[in-house]
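Enquirer: With the sequence up front, the predicted model follows.
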Amino acid sequence: MIDSTTLWTVIIVLGIGTFLIRFSFIGLVGNRAMPEWLLRHLRYTAVAVLPALVAPLVAWPAATGGEPDAPRALAALATVLIGLLTKNVFASIIGGALTLFAMLYLIG
Amino acid sequence: MSTSTTKSIFWQGFRDGAPFVLVVIPFSALFGVLGTEAGLSVFETLTFSVVVIAGAAQFTALQLMVENVPTLIVLASALAVNLRMAMYSAHLTPFIGAAPLWQRALAAYFTVDQSYACSIAKFEREPALSVPQRMAYFFGAVAPVCPMWYLFTLVGAMIGGRIPDSFALDFALPITFLAMITPMLRTFAHVVAAVVAIGVALICADVPYNLGLIIAGMAGMVAGARTELWAANRKVDVQ
């Protein structure tokens, strides 16, 4: 259970922080040029942080008490492969979910 | 197109933003469902979406709070996910930086993946647009997307508690994130960033306070940036 103080602290500070990130250049920096090295790192934030978040969830799922789980691993693999082949977020989610349900049913 | 009225440009933005609704609806509904599954009230879940209005960061924060990670680490990780928006902000600035402050503040709040992607494509394609026309287009692209974000968070939150365990909802987040990440792997440098981040995240899984995520994220960013430089230099050498 998430306690209420933590939750509201996160909502408010994350809201303000996210706004400031969005407002940073548009509101404060104006037309001044950005250092190239900074832009170069910012380009890779999402593509680095999101996989880093997901990897442990796939490797050691909470639902199985942290034991590696074949249906979940295969579902993750299917999601990525379908995404690479189709470039379609939807197809990829549905393919991953169907793989998960099928595998839980067959080898669960 | 510089003769178009501001109003018609708003509707162009609306039309270009509309298809993204198909992505926004399931994503926000999933946040609503997982929010209430994590014990948040409907009001708390909806407020989360309205105040933060950034899906990936909301899911990150929620997941880490469920794992009882210290608040500071929750915030640092979720804000790290949102750092890409600094890049959006920087990219939009030359086009709409001259608008009045209140408009820029409003645009900043509504700078999401979809409004950014639509607008920057339009602004680069039609450099003759005036600043008010660009703002009209931007808010046009926001208009179908963001209200749906709020609405379907609410819908998801209202049905949340009623979904049976056999649906294996625990794995909805990993699947959704993996599906979102895959199309982002546009260049070799993006792939390197992701692979390095995954490797470091698994190695650092036992680092206290979930700091492994931040270490892995930074390692991935540096790896991506270095690979980009290396690829650019190699191209110059070949030529």
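Expert: In hand now; what should we look at?
Enquirer: excluding its backbone neighbours, what's nearest residue 23?
Expert: Using chain A here. Setting aside the residues directly before and after it, A:Phe23 is nearest to B:Ala108 in space (C-beta to C-beta, 6 or more residues apart in numbering or on different chains), at 3.9 Å. In this view, the C-beta of every residue, glycine as well, is placed from N, C-alpha and C.
Enquirer: I was after chain B.
Expert: Spatial nearest neighbour of B:Val23, excluding adjacent residues (C-beta to C-beta, 6+ apart): A:Val89 at 6.1 Å.
Enquirer: And for that neighbour, the neighbour number?
Expert: A:Val89: 22 surrounding residues under other C-beta atoms under 10 Å in any protein chain shown.
Enquirer: One more: B:Leu64?
Expert: 24.
Enquirer: check contacts around it.
Expert: Each residue near B:Leu64 by C-beta atoms under 8 Å, 6 or more residues apart in numbering or on different chains is listed here: B:73-74, B:77-78, B:210.
Enquirer: and those residues near chain A, which?
Expert: With the criterion set as C-beta under 8 Å from any C-beta of the partner chain, the members of the contacts of B:Leu64 near chain A are B:74, B:77-78.
Enquirer: If you count contacts, what does the helix or strand of chain B with the lowest mean pLDDT end up packed against?
Expert: One helix or strand of chain B scores below all others by mean pLDDT, DSSP states H and E: helix B:84-96, with a mean of 83. Where contact means 3 or more C-beta pairs under 8 Å, 6 or more residues apart in numbering or on different chains; DSSP states H and E, helix B:84-96 is packed against helix A:4-23, helix A:36-42, helix A:45-59, helix B:101-109, helix B:113-125, helix B:131-159.
Enquirer: Quick one: residues contacting the residue nearest to A:Trp37 when sequence neighbours are not counted.
Expert: Of all residues not flanking A:Trp37 in the chain, B:Ala225 sits nearest, at 7.5 Å (C-beta to C-beta, 6+ apart). Residues near B:Ala225 by C-beta under 8 Å, 6+ apart: A:37, A:40-41, A:43-44, B:189.
Enquirer: Centre-most residue in chain A?
Expert: Using C-alpha atoms, centre = their mean, the residue of chain A that lies closest to the mean C-alpha position is A:Leu50, 3.7 Å off.
Enquirer: Please tell me how far it sits from B:Trp102.
Expert: 33 Å (C-beta to C-beta, to the nearest Å).
Enquirer: can you check B:Leu178 too?
Expert: For B:Leu178, the distance to B:Trp102 - C-beta to C-beta - is 39 Å.
Enquirer: Mind checking which of the ones next to chain A among the contacts of B:Leu64 land in helices?
Expert: B:74, B:77-78 (DSSP state H).
Enquirer: Dump these to CSV, plus neighbour count.
Expert: Below are those laid out as CSV (neighbours: other C-beta atoms under 10 Å in any protein chain shown):
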residue, neighbour count
B:Val74, 27
B:Ser77, 23
B:Ala78, 28
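Enquirer: Which one of these is nearest to B:Glu37?
Expert: Nearest to B:Glu37 among these, counting by C-beta to C-beta, is B:Val74 at 17.6 Å.
Enquirer: in chain A, what secondary structure element scores lowest on mean pLDDT?
Expert: Min over SSEs of chain A, mean pLDDT, DSSP H and E: helix A:36-42 (a mean of 85).
Enquirer: which strands and helices sit next to it?
Expert: Contacting helix A:36-42 under the criterion 3+ C-beta pairs under 8 Å, 6+ apart are the following elements: helix B:84-96, helix B:211-238.
Enquirer: what number of residues lie near residue 17?
Expert: I'll assume chain A. For A:Gly17, the neighbour count with other C-beta under 10 Å is 17.
Enquirer: Oops, wrong one, chain B.
Expert: 25.
Enquirer: Next secondary structure after the helix or strand harbouring it?
Expert: Following DSSP states H and E, one finds B:Gly17 within helix B:6-17. Using DSSP H and E, the next helix or strand after helix B:6-17 towards the C-terminus is helix B:21-37.
Enquirer: Show me what the helix or strand just after that next one is packed against.
Expert: For helix B:21-37, the following helix or strand on the C-terminal side (DSSP H and E) is helix B:42-52. On a contact count with 3+ C-beta pairs under 8 Å, 6+ apart, helix B:42-52 meets helix A:4-23, helix B:21-37, helix B:55-66, helix B:131-159.
Enquirer: just those helices: most buried one?
Expert: Burial of the helices and strands packed on helix B:42-52 is given as mean neighbour count (mean count of other C-beta atoms under 10 Å in any protein chain shown); helix B:55-66 ranks first at a mean of 23.
Enquirer: tell me how far that one is from the chain's mean position?
Expert: The chain centroid and the centroid of helix B:55-66 are separated by 12 Å, computed with C-alpha atoms, centre = their mean, to the nearest Å.
Enquirer: ok, now stretch B:224-239?
Expert: Counting by C-alpha atoms, centre = their mean, stretch B:224-239 comes out at 28 Å from the chain centroid.
Enquirer: model confidence over it, on average?
Expert: When pLDDT is averaged over stretch B:224-239, the result is 88.
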